[in-house]
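>>> Below: sequence and its predicted model.
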Amino acid sequence: MNFVQITPGAGGMYCGNCFRDNALVAALRRQGHETLMVPLYLPMTLDESAAHTGTPTFFGGINVFLSQKVPGYSRAPAWFRALFDSPRLLKWAAGKAAKTRASDVGELNLSMLRGEEGGQTRELEDLIAWLATQPHPDVVFLSNALLVGFARRLKETLNTRVIVFLQSEEAFLDSIPEPWRSQSWKTLADRSPDIDGWISPTRYFADRMQQRMGVPADRIRVVPNGIKLDGYDRVPERAAKAPGEPLILGFFARQCAEKGLDIVVDAFLELRRDAAFKNVRLKVGGGCGPSDIPFVEEQKQKLGKAGLLADVSFHPNVSREEKVAFYASCDVLSVPGRHSEAFGLYQIESMAAGTPLVQPASITYPEILGDTDGGILCGPNTPAALAQALRPLLANPARLRELGDAGRRAVTHRYTDEAMAAGVYTAVRELLSASSQNSR
């Protein structure tokens with residue numbers, strides 16, 4: 001089949017959705033499908049080869065902003081608008097975007113959801129005009145539900161089908177202040193009939209978004225996310241640690257409160273109050289943008305006050321090779337996210353390196369750990385519960401290795417980029433068949 005994948009770039013920030021879409025496109029191509037990847041807004045920051053090389057960036061972030069804020073800007077000459085899509089200016093804009101929170105873009109988000117009725121009609125028509133010069137797509141994939149406003153015009157002009165991936169939109173939309181929050185959810189629900197099908201990476205998130213958007217169950221399929229195993233397949237099996245040798249508790253995600261970094265720090269502090277765990281160290285990795293720095297500094301001050309800052313290391317914005325090495329260096333990992341999440345790539349990345357997880361019994365964690373046996377649940381999402389769950393594991397390295405080995409086997413068989421691409425293709429065939437029958 002011929003696919004187009006439309007994915008928003010996050011500028012200078014690492015973005016799990018970008019990683020996932022990039023891996024999917026590369027795997028679909030290897031499986032014989034012509035697949036074009038089209039970036040939006042800002043350049044993508046990836047930790048592996050980019051699948052969109054040579055493709056223009058549409059909906060350039062500066063032009064999108066000006067179209068929203070400056071009356072009549074959509075009628076500006078094409079040559080003038082092109083100036084703001086230069087790589088140098090988009091790189092500058094990426095630095096500004098790294099400081100932006102969802103609460104700052106409520107009006108703009110609603111405008112994008114409204115598609116041809118919003119303020120970015122010029123950008124939408126430019127994208128469609130360019131796609132019309134490319135090989136005709138059987139399906140256009142939209143990276144997330146925030147792009148549903150594209151669907152109506154894509155189908156009208158390109159005579160194609162549109163399928164949307166669900167990727168943690170709930171937390172973003174719920175963080176927008178009123179009145180934009182309610183209006184965004186309503187617009188999303190109103191636009192959902194334009195979509196031929198939805199693909200969620202977990203049953204948990206499929207059920208959540210089905211309920212909130214009012215989408216019929218037969219229009220959603222579940223296909224787990226997958227990762228490229230290059231690098232992870234070279235991580236050696238873990239050797240047994242000698243008594244008293246340091247044990248590493250890891251955290252790897254965006255270094256922010258939403259992902260629960262402070263919960264892990266507080267659990268570490270609680271563990272270290274017990275002399276039996278004086279050999280435990282904490283290792284923190286993952287994305288850290290300008291808006292995250294004050295929060296990270298608060299955690300460092302907390303650790304310094306306890307006299308334990310020297311036993312903690314921070315590794316922001318690492319390369320792919322450094323990321324694999326990070327996971328492989330940890331004995332156990334925890335990312336106790338506070339908000340609704342579609343998947344959490346860090347879970348299968350950690351397990352791919354043989355590192356088990358301890359996660360709260362909420363959102364996607366029971367589903368993924370239940371399927372992989374690659375970790376345990378700690379019950380409520382509190383530092384005390386996390387510390388309590390970690391104690392018996394840290395005291396039993398053999399159990400850690402047992403969980404790590406199970407998780408690694410599961411990822412190798414069911415959570416690869418190849419498995420994800422095959423699952424997406426099967427889901428597409430099923431959704432298109434169901435959509436055709438419903439339209440008769």
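Yes, it's here.

>>> what's the domain layout of this protein?
Per automatic domain parsing, the domain ranges recorded for the chain read 2-228+417-438, 232-414.

>>> Need the pLDDT of Ser436.
Model confidence at Ser436, given as pLDDT, is 68.

>>> what's the answer for Ser103, then?
Reading off the per-residue confidence, Ser103 sits at a pLDDT of 55.

>>> Over to Ala93?
For Ala93, the pLDDT comes out at 61.

>>> Kindly report the same for Pro43.
On the pLDDT scale, Pro43 is placed at 70.

>>> now swap in Phe150 and tell me
At Phe150, the pLDDT recorded in the model is 97.

>>> Repeat that for Gly106.
If you check Gly106, the pLDDT there is 87.

>>> TSV for the domains of the chain, including mean neighbour count?
(Glycine included, C-beta is placed from N, CA and C.) Listed next are the domains of the chain as TSV, based on neighbours: other CB atoms under 10 Å:
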stretch	mean neighbour count
domain 2-228+417-438	18
domain 232-414	19
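
>>> other SSEs contacting the helix or strand containing Val64?
When elements are assigned from DSSP states H and E, Val64 belongs to helix 61-69. Identification of packing neighbours for helix 61-69 by 3 or more CB pairs under 8 Å, 6 or more residues apart in numbering; DSSP states H and E yields helix 87-97, helix 106-113, helix 121-131.

>>> For Cys288, find the nearest of the ones you listed.
When the helices and strands packed on helix 61-69 are compared by CB to CB, helix 87-97 sits nearest Cys288, at 13.9 Å.

>>> Go through the domains of the chain and find the least confident stretch.
Taking each of the domains of the chain in turn, the lowest mean pLDDT turns up on domain 2-228+417-438, with a mean of 88.

>>> Figure out how far it is from the centre of its chain.
Here domain 2-228+417-438 is found 13 Å from its chain centre; the criterion is CA atoms, centre = their mean, to the nearest Å.

>>> Please apply the same query to stretch 352-359.
On the basis of CA atoms, centre = their mean, the separation between the geometric centre of stretch 352-359 and that of its chain is 18 Å.

>>> Take that stretch, keep the C-alpha atoms, and write them as PDB.
The C-alpha coordinates for stretch 352-359 follow below in PDB (Å, rounded to 0.1, in the frame of the first residue of the first chain):
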ATOM      1  CA  ALA A 352      14.900  -4.300  25.700                       C
ATOM      2  CA  ALA A 353      18.000  -3.600  27.700                       C
ATOM      3  CA  GLY A 354      17.100  -6.200  30.300                       C
ATOM      4  CA  THR A 355      16.100  -3.700  33.000                       C
ATOM      5  CA  PRO A 356      12.800  -4.400  34.800                       C
ATOM      6  CA  LEU A 357      10.400  -1.700  36.000                       C
ATOM      7  CA  VAL A 358       8.400  -0.800  39.100                       C
ATOM      8  CA  GLN A 359       5.400   1.200  38.100                       C
END
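
>>> Please convert the helices and strands packed on helix 61-69 to CSV, extending it with distance to Ala421.
CSV is the format used below for the helices and strands packed on helix 61-69 (distance: least, CB to CB, whole Å):
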stretch, distance to Ala421
helix 87-97, 29
helix 106-113, 28
helix 121-131, 22
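
>>> Nearest to Tyr232, out of the ones you listed?
For these, the distance to Tyr232 is smallest for helix 87-97, at 28.5 Å, taking CB to CB.

>>> if we can go back for a sec, now for the helices and strands packed on helix 61-69, which one comes closest to Met213?
Using CB to CB as the measure, helix 106-113 is the one of the helices and strands packed on helix 61-69 that comes nearest Met213, at 11.7 Å.

>>> quick check: longest helix of the chain.
Ranked by residue count and defined by DSSP state H, the top helix of the chain is helix 417-438.

>>> Is Val222 bridged to anything, and to what?
Listed by DSSP bridges, the beta-bridge partners for Val222 are Ser200.

>>> Secondary structure class of Gly307, three-state.
What DSSP: H, G, I helix; E, B strand; the rest coil gives for Gly307 is coil.

>>> ok, now how distant is it from Arg273?
When distance is defined by CB to CB, to the nearest Å, Gly307 is 11 Å away from Arg273.

>>> same question, Met1
The span separating Met1 from Arg273 equals 57 Å under the rule CB to CB.

>>> now do Asn2
From Asn2 over to Arg273 the distance is 59 Å, taken as CB to CB.

>>> again with Val215
For Val215, the distance to Arg273 under the criterion CB to CB works out to 48 Å.

>>> same check, this time on Pro177
Counting by CB to CB, the gap from Pro177 to Arg273 is 40 Å.

>>> Likewise for Thr426?
Taking CB to CB as the measure, Thr426 and Arg273 are separated by 51 Å.

>>> for Pro316, same thing?
27 Å.

>>> Can you name the residues that contact Met112?
Listed by CB atoms under 8 Å, 6 or more residues apart in numbering, the contact set of Met112 reads 64, 118, 120, 146-147, 149.

>>> can we see that at 10 Å?
Under the criterion of CB atoms under 10 Å, 6 or more residues apart in numbering, the contact list for Met112 reads 8, 40-41, 59, 64, 68, 105, 118-120, 123-124, 146-150, 184, 187.
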